[in-house]
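>>> okay, sequence plus prediction incoming.
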Amino acid sequence: MKVIIRATGTFRERFPQGQDRVVVRLERPLPVKEILTEKLGIGTEGLAAVVVDGQYKSRDYVPADGEEVILVSPLGGG
Amino acid sequence: MREQAAAKGRKILASLDYPLRPVEKGYANRSLYVNLTDRAILSKPVTDEMKEIFIGGRGFGLWYLWNAVTEKTKWDDPENEIVISAGPIGGITQYPGAGKSIVVTLSPTTGTVIDSNVGGHFGPLLKFSGWDALEIQGQAEKDVIIFIDGNAGRVTIEEAGPGPGDSHLIIEQLMDIYAPTEEDKRHVSVVTTGTGAEHTLIGMLNFSFYDLHRKIVRVKQAGRGGTGTVFRAKKIRALVVKYAGVKGDSNGPADKKKINAAGIRLHREIAALDDRQCRMRRTGTTYLVQIMNDHDILPVHNFKFGSHPDAHRLNDRYWRTRFSPGKADGCWYGCTLACAHVAMEHRLKTGPYKGQVVAVDGPEYETIAGVGSNCGIFDPDSVLELNFYCDTYGIDTISFGNITAFLMECFEKGIINEKITGGLKLTFGNAEAALELLHQMARGEGFGRLAGQGVRRLKRILAEQYGADAAFLQDIGMEAKGLEYSLYVSKESLAQQGGYGLTNKGPQHDEAWLIFMDMVLNQIPTFEDKAEALYYFPMFRTWFSLNGLCKLPWNDIVPADNADTDEPAKVPEHVENYVNLFSGVTGRNITKEDLITMSEAVYNFQRVFNLKMGFGTREHDAVPYRSLGPATVEEYESRADRYDRQLKELAGFDPEGKSTEEKLRALRKYREDQYQRLIDAVYARRGWAANGVPTLETLKRLKIDFPDVVALVEKHLPRQ
Ligand code: SF4
């Protein structure tokens, strides 16, 4: 299965240079937290929100095959 | 103090001695009224009803101003007031961002009431000196200084005498007089403006604080809506407050433990997470530049575009190298988010202070985007130079950036030319011309004098005097209600279009910033969702201005587990902190729902105030088309794929084989219709009639159904 992880704001800096989206291939479903720490080596500290299909999810959410998970960093807007 | 004034040959015109007493539960329980026409200085009681309904800060400002002006009052009439108030939480040192002052007055550019939230030490020192608000009415004959000595218990109106006209020099001079020793400097705050405020309608106010580490005076700005212009019309050179003795309990909190606990929680969070989040402590709000550019919402060339290949030159990586490092840059004691940075040793290349080396406060995101990217200027030194001169001249960088960008577009379109501008080649990216325009504004000369009138008046002037197409100017001139736009491109976010258009004072992001929720995360897809966001967030954010708080520590830093909460966008733990701060200070126990109701009362009162001044109805919530969509062929074609797709998928219009003009028209029709539908939904959610007037039920529910308010509203409500 594959899951798309997208980063916004300052969280993008934790992704490979110039990318805001990575496709992660998984053998079995995993919570967002584990996908980030174990598959991508990215810490979740400082994450403001996780959004899937316009809805908030916790870091324990287990994405389904093909789902896009958006990682939101704090962003106040001036 | 009499001696100090006399020593400088300064005549005391009037004085008031008042009894000193401590602040209790966030309130000094009286306000200072100063009339510059008849030189009356009075102490006015702050009533329980005022505290209950208007809370403080902006609420007190609106209430005093409402009682001071009639529907005929203009901004430069003596009865207009400038009210400055910090609010009950303002002045605590335990929680970050608690030293804001809120300025309220009738605006020269909008004609109605404006509020502006500003850092610096004035508001808290004013309160600890014994005053919840300073209410200034009347007009002096000659320049005056109002001096409040909070330790001696004395207020004086003093003749200012000869002296410099620009902020950095006025502050330098006054600090020498009122804070002659190094020890004194931290106890003094000055409010002043500059020559630009005198000669334009976009004057702002500088509020000072002393930077103990660098041993320099720093300033923060009450930028929006021309507060500085009103200040100069009243012939005020400066306000000075002096109060020695700020302590952790100066605000007289009802339950100090409660506010300590909230403070410690946030200080820890900032220490642990800021480096991994927005890095406010290192580069302030400049982190937004790159993100806005990446998401195509950084204003470029008068909001035509949302990104530019050179934007990286102005991003936080650069400012990291340019800001003076290693100091705690809080604009009030205890603000560990500390975003008020300074660029030291800028050598000025232009203007009256050319060759001098100065420290420049900021720039913040809004200034970088305003005088930088929106004007096509990507050279950081030019941004610093513009920032310095705007500040010392007392000119709002947001309005200046919009005006200049608008004129640059007019110049490039041939609507104005060098003959009209007096030789200024106002093309995008021409920093030299932008600076010269600014210097002219400050001198009140040449084309700068015209430009200083603001975008709304310029639209009219260019149409009437130079035959420009008024409809086109309306489309591209980025102002609504007479206030220039703050710096986010809202074209792709309907919610943000409302976030700007459906504001009380005009398009300033401090009411609602919904672009990401709406456009990037697609979390508020329906009209009802958007209306709910345009109900909750403006009310929530209004609350900061009632209490003397800074918005940034709310959501430019969030707790480690914020993502796991029910409503991460609201930052629930911080909302809980605010509830605890309010009850901890005032002793009034509230819930998070009360917090919204408190704001709603003041927010609706301000809407009715607009009504009183001849605005406040649906037609005044109209916005320039460029804030809704592409206004020109050039803009459409720059993002043609996006717009073609939207036409097909959303508007039911097949773009195949159509000219750009046809597609522009079809998209415009669709987007304007969406905006009207949004207005309907928001009005309904806010408890307003279809013409934008709060209903009588709403007034009653919020306990603002005062007889004069009801009478006014009844006149404007649609007939049943
Ligand atoms: S976050 Fe920045 S602007 Fe807000 S109070 Fe702190 S230093 Fe001042």
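Cool, the structure landed.
>>> pLDDT weak spots in chain A?
A:77-78 (pLDDT under 70).
>>> at 80 what do you get?
Applying pLDDT under 80 to chain A flags the ranges A:18, A:76-78.
>>> quick check: residues of it near chain B?
A:8-10, A:12, A:20, A:43-51, A:54-56, A:58-60, A:70, A:72-78 (C-beta under 8 Å from any C-beta of the partner chain). (C-beta placed from N, C-alpha, C; glycine too.)
>>> nearest residue to residue 58 other than its sequence neighbours?
By default, I'm working from chain A. Leaving aside its chain neighbours, A:Ser58 sits nearest to B:Asp564 (4.1 Å; criterion: C-beta to C-beta, 6 or more residues apart in numbering or on different chains).
>>> you looked at the wrong chain, it should be chain B
B:Ser545 (4.1 Å).
>>> in the stretch 351-500 of chain B, what residue is nearest the ligand?
Going by C-beta to the nearest ligand atom, the ligand is nearest to B:Glu364 of the stretch 351-500 of chain B, at 8.4 Å.
>>> that residue: neighbouring residues, count only.
22 (other C-beta atoms under 10 Å in any protein chain shown).
>>> coming back round to it: separation between the residue nearest to A:Ser58 and A:Pro31?
11 Å (C-beta to C-beta, to the nearest Å).
>>> who's more crowded, these two?
Per other C-beta under 10 Å, whichever of B:Asp564 and A:Pro31 has more neighbours is B:Asp564, with 19 against 15.
>>> need phi/psi at the more buried one.
phi -90, psi 0 (degrees, to the nearest 10).
>>> coming back round to it: what's the PyMOL line that selects buried ones from the residues of chain A next to chain B?
Of the residues of chain A next to chain B, the buried ones go into a single PyMOL selection, burial set by 16 or more other C-beta atoms under 10 Å in any protein chain shown:
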select buried, chain A and resi 8+9+10+12+20+44+46+47+48+49+50+51+56+58+59+70+72+73+74+75+76+77+78
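>>> name all residues that make contact with B:Lys658.
B:Lys658 is in contact with B:Ala666, counting by C-beta atoms under 8 Å, 6 or more residues apart in numbering or on different chains.
>>> assign the closest residue to B:Asp255 other than its chain neighbours to helix, strand or coil.
Using C-beta to C-beta, 6+ apart and skipping residues adjacent in sequence, the residue nearest B:Asp255 is B:Gly584, 4.6 Å away. Per DSSP: H, G, I helix; E, B strand; the rest coil, the local secondary structure of B:Gly584 is helix.
>>> hang on, isn't B:Gly584 packed against B:Gly252?
No: judged on C-beta atoms under 8 Å, B:Gly584 makes no contact with B:Gly252 at a distance of 11.4 Å.
>>> looking at those two, which is more packed in?
Using other C-beta under 10 Å, the more surrounded residue of B:Gly584 and B:Gly252 is B:Gly584, with 26 against 20.
>>> ok, now which ones touch the more buried one?
B:Gly584 neighbours (C-beta under 8 Å, 6+ apart): B:253-259, B:262.
>>> which residue, other than its chain neighbours, is closest to B:Met539?
For B:Met539, the closest residue by C-beta to C-beta, 6+ apart turns out to be B:Ser599, at 4.3 Å.
>>> is chain A contacted by the helix or strand B:Met408 falls within?
Under the criterion of DSSP states H and E, B:Met408 resides in helix B:397-412. No: residues of helix B:397-412 are not located near chain A by C-beta under 8 Å from any C-beta, the shortest gap being 9.9 Å.
>>> show me what counts as buried in that helix.
So helix B:397-412, judged by 16+ other C-beta under 10 Å, has buried residues B:397-411.
>>> quick one: mean pLDDT for whichever helix or strand comes after that helix?
Of the helices and strands lying after helix B:397-412 in sequence (DSSP H and E), the nearest is helix B:418-421. Averaged over helix B:418-421, pLDDT sits at 98.
>>> for B:Val34, grab phi and psi.
phi -130, psi 130.
>>> which elements pack onto the helix holding B:Met408?
helix B:365-367, helix B:380-393, helix B:431-443, helix B:446-451, helix B:455-466, helix B:470-476, strand B:483-484 (3 or more C-beta pairs under 8 Å, 6 or more residues apart in numbering or on different chains; DSSP states H and E).
>>> need the helices for chain A, in chain order.
Remark: helices assigned in chain A by DSSP state H are A:32-34.
>>> can you pull the contacts of B:Gln606?
Taking C-beta under 8 Å, 6+ apart as the test, what B:Gln606 contacts is B:58, B:62, B:113, B:115, B:504-505.
>>> let's see which of the residues you listed end up in strands.
Residues of the contacts of B:Gln606 located in strands (DSSP state E): B:113, B:115.
>>> need the max-distance pair from the contacts of B:Gln606.
The span of these, defined through C-beta to C-beta, is set by B:Leu62 and B:Lys505 at 11.0 Å.
>>> and for the two, which residues touch both?
B:113, B:115, B:606.
>>> include pLDDT when you put the residues you listed into CSV, please.
Formatted as CSV, the shared contacts of B:Leu62 and B:Lys505 follow (pLDDT from 0 to 100):
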residue, pLDDT
B:Val113, 98
B:Asp115, 98
B:Gln606, 98
